[in-house]
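Engineer: Sharing a model prediction with you, sequence too.
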Amino acid sequence: LQCLWCYTNNTCIDYPVRSILPSSSLCSLSNARWGVCWINFEALIIAVAVVAGLILVSVAVCCCYCCYCRRRSRSRPDEEEEQLARKREERRLQSLQRKHERKLKHDEIRKKYGLLQDSDNPYSRFENE
């Protein structure tokens, strides 16, 4: 893979390792092939640039998305805790209301059957005696 094939003069030259791209004096980029004869140097450079660009863009998008999610998740627990506290309070109030309704119903039943003592005279006499 250290061979640089040039189509202009059909020669295989040792790849100039010191420079990334071969100089145009050795062979023009459109006629240069790297390693094996089917890899066009221009196409290779374009493909590498496109792949590197896609990787950079995807990393940037991931970073922005993660930062956005992290920022959103920091503010969200406060809202969720507040909403949970509101729901808890509503449930507590509903429970108290149901408890009060049950107490009234039970008091009516006790009153109907004479089991409810009068609050103004707690020391009433038993009728059985």
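Structural biologist: That came through fine. Numbering: from 1, shown residues only.
Engineer: Tell me the pLDDT of residue 13.
Structural biologist: pLDDT, residue 13: 71.
Engineer: what's the domain layout of the chain?
Structural biologist: 1-37, 42-114 (the TED database).
Engineer: Single out the most deeply packed of these.
Structural biologist: domain 1-37 (a mean of 13; mean count of other Cβ atoms under 10 Å). For the C-beta atoms, the positions are set from N, CA and C on the backbone; glycine is no exception.
Engineer: This structure: helices as residue ranges?
Structural biologist: For the chain, the helices defined by DSSP state H occupy 41-112.
Engineer: ok, back up a step: rank the domains of the chain by pLDDT, which is bottom?
Structural biologist: Across those, domain 1-37 gives the lowest mean pLDDT, at a mean of 69.
Engineer: And the residue nearest the centre of the protein?
Structural biologist: Centroid-nearest residue in the chain, with Cα atoms, centre = their mean: residue 69, separated by 5.6 Å.
Engineer: Roughly how far does that residue sit from residue 61?
Structural biologist: 12 Å (Cβ to Cβ, to the nearest Å).
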